[in-house]
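Q: Mind looking at a prediction? Sequence and model below.
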Amino acid sequence: MKVKKKGAVAVGIFVATSILALAGCAGGTTAEPTSSDDATSAGALTVWVDADRARALEDVAKTFEQEKGVKVDLVVKDYGKIRDEFTAQVPTGKGPDITIGGHDWIGAFVKDGIVAPVELGDKTADFEKVAIQAVTYDGKTYGLPYAIENIAILRNTALADSTPGTYDEMIAKGQAAGTEYPFVVGLDPQASDPYHLYPFQTSFGNSVFAQNADGSYDASQLTIGDEAGQAFAAWLTAQGDTGTKVLNLNLSGDLAKEAFNAGKSPYFLSGPWNVADAQKAGIDVAVDAIPTTGDSAAQPFAGVQTFFLSAKSNNALIANEFLVNYIATADVQTALFEAGGRPPALTESFEAAQSDPLIAGFAQVGANAVPMPSVPQMGSVWDDWGKTEAALLKGSSDPAGDWVKMADSIKSKLG
């Protein structure tokens, strides 16, 4: 299985730093636009991609030109710069017709008026439910999903034969393994890591915002400070410096990864981006469900990689055609999966990819995942959330009170 390391932003996602030279390939694909990044060029589509996605889309770009007579320029970009460049260029009439990106960008993109809905029609039913939920905003579908990612328990099979269903049982089994750490997860000493700890939080029945029936979030209902959240805060304090000391703020993401790859822990809470390096280190990796800490299921965030349609494109109809009838096909979604190692969003490809037991493991955990909130208000949550988690792990005489103060601070920022 080919797995790429995740890049920036809560969640994000991998950063492509290499530049693929595509000039001269049949079908008109090119590493740089022939004139500018202008989305108004008639008779051609400009698509921003990273290097891996460019390779995966070469064939479909050629097919589209042959069948529709429309050239597709695949413009290779550094993934870490795409969001800012797209936001800056589209309002001026420049930028691409289509770009890749993370679904959690949608709220800000819609607020800024730079993306248009993608009309999926009957194709909606062909995608995984969480993928459609992730790209749905204000009742409209703002993007064509192509990959899903989430965290799970990576298990060293030489050190543990299974992952128990509850956190306490997992810790006990990890301690019985006789390794330096019974369990590792990367944390920041000042900001903790709300993304990685969220499954434990949800198992107490707590969420950040209330969810609507279609899975979208209601940013007017901040739920993070409720009694379930306060119970999580108490649990978090008990796991930190003044408690079991299992959740270690001195273990960053890189140090947690090093510990797992060195055989110093049987369990590592992480995502597909860390599987390849563990295998290179000689670890026989299994992917298991995340144990619960409360009475509910442990639900990690799901991140969905997406193709966005520029609101300023003069080629919107043909761009929609390219996305819905060419990108939303099993062959292309499978090619994108093989390029990036994340389970595909299209159900047919998603099910086929699970012939790999590691992908099947992430997919099974992901079936219970919840989309990362894409509402613009989410940007006001992370700072207080992470700092409060870190403070609780360092010790608190009133974790519930500290958690409520955190929620009140977030509310004040939300207005």
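A: Ah, there it is. It should be emphasised that the depicted structure is a prediction, and the values quoted were computed from it without experimental measurement.

Q: Let me see the mean pLDDT of stretch 385-393.
A: Averaging pLDDT along stretch 385-393 yields 98.

Q: before we move on, what SS does the residue most central in space within the chain have?
A: Geometric centre of the chain, nearest residue: Gly303, 2.5 Å, by CA atoms, centre = their mean. Assigned by DSSP: H, G, I helix; E, B strand; the rest coil, the conformation of Gly303 is strand.

Q: list the helices and strands the helix or strand that contains Asp73 packs on?
A: Using DSSP states H and E, Asp73 sits in strand 71-76. When contacts are defined as 3 or more CB pairs under 8 Å, 6 or more residues apart in numbering; DSSP states H and E, strand 71-76 sits against strand 44-49, helix 51-68. No exception for glycine: its C-beta is placed from N, CA and C like everyone else's.

Q: In the stretch 251-400 of the chain, what residue spans correspond to helices?
A: For the stretch 251-400 of the chain, the helices defined by DSSP state H, counting those that start in this stretch cover 253-261, 275-280, 316-322, 330-340, 347-353, 357-366, 382-394, 399-414.

Q: any idea how far the first one is from the chain center?
A: Mean C-alpha position of helix 253-261 versus that of the full chain (CA atoms, centre = their mean, to the nearest Å) differs by 20 Å.

Q: which of the residues in that helix are buried?
A: Gly253, Ala256, Lys257, Ala259, Phe260, Asn261 (16 or more other CB atoms under 10 Å).

Q: between those residues, which is closest to Phe308?
A: For the buried residues of helix 253-261, the residue nearest Phe308 by CB to CB is Gly253; the value is 27.9 Å.

Q: nearest spatial neighbour of the closest one, skipping sequence neighbours?
A: Among residues not flanking Gly253 along the chain, Gly186 sits closest, at 2.9 Å (CB to CB, 6 or more residues apart in numbering).

Q: per-residue confidence for the one you found?
A: 97.

Q: can you confirm it is in a strand?
A: No - Gly186 is assigned coil when assessed by three-state DSSP, not a strand.

Q: residues in contact with it?
A: Applying CB atoms under 8 Å, 6 or more residues apart in numbering to Gly186 gives the contacts Asp193, His196, Leu251, Ser252, Gly253, Asp254, Leu255, Ala256, Lys257, Ser270.

Q: which stretches of the stretch 101-250 of the chain form helices?
A: 106-111, 129-135, 167-176, 194-202, 227-239.

Q: by contact count, what packs against the fourth one?
A: What it means is helix 194-202. On a contact count with 3+ CB pairs under 8 Å, 6+ apart, helix 194-202 meets helix 227-239, strand 267-270, helix 382-394.

Q: Tell me which other helices or strands the second one touches.
A: Read it as strand 267-270. Contacts defined by 3+ CB pairs under 8 Å, 6+ apart place strand 267-270 against strand 152-156, helix 194-202, helix 253-261.

Q: And these: which comes nearest Asp356?
A: Once the helices and strands packed on strand 267-270 are compared by CB to CB, strand 152-156 is nearest, at 13.8 Å.

Q: related to what we said a few turns ago, out of the helices of the stretch 251-400 of the chain, which comes closest to Asp84?
A: In terms of CB to CB, the element of those nearest to Asp84 is helix 382-394, at 17.8 Å.

Q: So which bits of that closest one are buried?
A: Taking 16+ other CB under 10 Å as the criterion, helix 382-394 shows Asp384, Trp385, Gly386, Lys387, Thr388, Glu389, Ala390, Ala391, Leu392, Leu393 as buried.
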